[in-house]
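Asks: Compute the structure for the input listed below.
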Amino acid sequence: MEVVPYKEEKATKKEQVARMFDNISHRYDFLNHLLSLGIDKGWRRKAVNLLKPFKPRLILDVATGTGDFAIAALRMNPEKIVGVDISEGMLEIGRKKMQRKGVHKQIELISGDSENLPFEENKFDAVTVGFGVRNFENLEKGLAEIRRVLRPGGMLVILEFSRPKQFPFKQVYKFYFKFILPKLGRLISRDKAAYTYLPESVEAFPDGDDFLTILTNLGYKESACKPLTLGISSIYTARK
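Replies: Next up, the predicted model:
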């Protein structure tokens, strides 16, 4: 069964996810750092560092949200980074952030759908996705579309939540993710569904080897998975 934020509604997952992020955009960055205890910043740095050997000049950040992954990718000294997202609310916050940080000329944030990217084939040297692939309405279609716009030999780096396997951390994590995180998220964001959807979407996501199999089946090469912080999240890499 498809996991969606607002179960009582008949809107598509894509429409519901866009509305959910519009609703929580004003508190998203604060909640992200609070609920992950700030660890998410280090995760992004580690993910971006994997691009170093490739020296990408043009980077696409899919499901960019407010642009944190795009900002982290500036460490690669690219000529330009383009961020796409389906939530205008998140993009608006992100654009203000880019202006504030003085990086708006290097990072362009545009409205776009991961399953129908508004770019020609073989355009980008690298594509990044931070905590976004589990929100795709059609996972395979989104990943295939990303591969289409990657240049031959280009690098895909995905950072996504996963499920810890080790006892007792697995049990502690599950309790936090299922009971503490949704209450905190609801209290601060004022959206009852958003932080219930988060653990449900992570639980339903085909992580680890299952995700690597999907990448391989879509034609990606050299796919690999690097678990972080006892498996709370994982970095997936692959080449076109």
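
Asks: Now do the contacts for D191.
Replies: Residues near D191 by C-beta atoms under 8 Å, 6 or more residues apart in numbering: 20, 23-24, 185. For glycine as for every other residue, the C-beta is placed from the backbone atoms N, C-alpha and C.

Asks: Any of these buried? List them.
Replies: Buried by 16 or more other C-beta atoms under 10 Å: 20, 23-24, 185, out of the contacts of D191.

Asks: Which of those sits closest to L34?
Replies: Minimum distance to L34 across those is 9.2 Å, recorded for G185 (C-beta to C-beta).

Asks: So which bits of stretch 101-114 are buried?
Replies: Buried-residue list, stretch 101-114, by 16+ other C-beta under 10 Å: 106-107, 109, 112-114.

Asks: Make TSV from the residues you listed and add secondary structure, pLDDT and distance to T216 to it.
Replies: Shown next, in TSV, are the buried residues of stretch 101-114 (DSSP: H, G, I helix; E, B strand; the rest coil; pLDDT from 0 to 100; distance: C-beta to C-beta, whole Å):
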residue	secondary structure	pLDDT	distance to T216
Q106	coil	97	33
I107	strand	98	31
L109	strand	98	31
G112	coil	95	26
D113	strand	95	24
S114	coil	95	20
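
Asks: Roughly how far does V172 sit from L181?
Replies: 12 Å (C-beta to C-beta, to the nearest Å).

Asks: of those two, who's got more company?
Replies: Comparing V172 with L181 by other C-beta atoms under 10 Å, the one with more neighbours is L181, at 19 against 12.

Asks: how far is the helix or strand hosting the more buried one from where the chain is centred?
Replies: Secondary structure assignment for L181, by DSSP states H and E: helix 181-189. Helix 181-189 has its average C-alpha position 20 Å from the chain's average C-alpha position, going by C-alpha atoms, centre = their mean, to the nearest Å.

Asks: got the CA coordinates for that helix in CSV?
Replies: What follows is helix 181-189, C-alpha atoms only, in CSV (Å, rounded to 0.1, in the frame of the first residue of the first chain):
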residue,chain,number,x,y,z
LEU,A,181,9.6,12.4,16.8
PRO,A,182,5.9,12.6,15.6
LYS,A,183,4.8,14.4,18.8
LEU,A,184,7.7,16.9,18.6
GLY,A,185,7.2,17.5,14.9
ARG,A,186,3.4,18.0,15.3
LEU,A,187,3.9,20.4,18.2
ILE,A,188,6.3,22.6,16.4
SER,A,189,5.2,22.3,12.8
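
Asks: Check which residues of it are buried.
Replies: Those would be 181-182, 185, 189, for helix 181-189 by 16+ other C-beta under 10 Å.

Asks: could you dump those to JSON lines with distance to Y28 and pLDDT?
Replies: JSON lines is the format used below for the buried residues of helix 181-189 (distance: C-beta to C-beta, whole Å; pLDDT from 0 to 100):
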{"residue": "L181", "distance to Y28": "14", "pLDDT": "80"}
{"residue": "P182", "distance to Y28": "15", "pLDDT": "82"}
{"residue": "G185", "distance to Y28": "10", "pLDDT": "77"}
{"residue": "S189", "distance to Y28": "8", "pLDDT": "80"}
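
Asks: R95: which of those is nearest?
Replies: S189 (20.6 Å).

Asks: these two touch, right, the closest one and D29?
Replies: No: contact status for S189 versus D29: not in contact, 11.5 Å apart, counting by C-beta atoms under 8 Å.
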